[in-house]
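J.: Attaching a predicted model along with its sequence, questions to come.
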Amino acid sequence: MPCKAGSPQTNLNYKDKKSITLIQSLFHKTEIIIYFVLFLFIYQQASAAGKFYTQQEFDSLLALGKPIVVHIHADWCGTCKAQDVQINAAMNSAEFKDVTFLEVDYDTQRKILKFFNIKIQSTLIIFKNGKEVDRIAMERDAVELLTFLKKSL
């Protein structure tokens with residue numbers, strides 16, 4: 001198809017047109033990569049359910065008798081991600097405003113797993129008045145999770 005007179009590509013030869021096509025293709029690929037990286041960043045932020053666990057914060061909250069929910073989480077765990085949805089909903093509700101949610105990384109915080117005697121990721125533990133109240137593992141059902149989380153109130 002011939003170019004219209006006065007268009008920027010009117011006087012371009014085959015090599016120039018190929019270069020422009022290559023540059024446009026690179027811009028498109030770069031744009032896709034940028035969107036993908038943004039998606040991963042947003043997904044990671046949205047999936048986090050609780051503050052990063054530190055022993056110091058846990059011990060301080062426990063000593064004060066504050067309600068605590070500890071979530072043993074692995075980024076690759078589908079059940080953990082399903083739990084994150086319910087935990088995030090609870091964290092953002094007024095009902096759970098006095099509960100502290102702490103997240104333990106199953107793959108990197110091995111000492112903490114031993115401390116809590118954890119055998120499997122996707123375990124939730126509730127502490128209240130300085131004592132462990134209950135724990136649950138591998139639960140995905142929204143109603144069951146909410147019922148469990150309410151034990152922290």
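T.: Yep, that arrived.
J.: can you give me the strands for the chain?
T.: 51-52, 68-73, 100-105, 123-128, 131-137 (DSSP state E).
J.: now these in TSV, with mean pLDDT?
T.: Shown next, in TSV, are the strands of the chain (pLDDT from 0 to 100):
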stretch	mean pLDDT
strand 51-52	91
strand 68-73	96
strand 100-105	96
strand 123-128	97
strand 131-137	96
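J.: Tell me which of these sits most buried.
T.: strand 68-73 (a mean of 24; mean count of other C-beta atoms under 10 Å). Backbone N, C-alpha and C define where each C-beta goes, glycine included.
J.: Okay, angle between that one and strand 131-137 too, please.
T.: For strand 68-73 against strand 131-137, the angle by axes from the mean of the first three to the mean of the last three C-alpha atoms, to 10 degrees is 30 degrees.
J.: in the protein, what spans have low per-residue confidence?
T.: 1-48 (pLDDT under 70).
J.: can you pull out the helices in it?
T.: 14-47, 55-63, 78-91, 110-115, 142-149 (DSSP state H).
J.: coming back round to it: okay, the strands of the chain in TSV with distance to S60 next?
T.: Compiled in TSV, the strands of the chain are given as follows (distance: least, C-beta to C-beta, whole Å):
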stretch	distance to S60
strand 51-52	12
strand 68-73	10
strand 100-105	10
strand 123-128	12
strand 131-137	16
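J.: Nearest to T79, out of these?
T.: Across the strands of the chain, T79 has its closest neighbour in strand 131-137 (8.8 Å, C-beta to C-beta).
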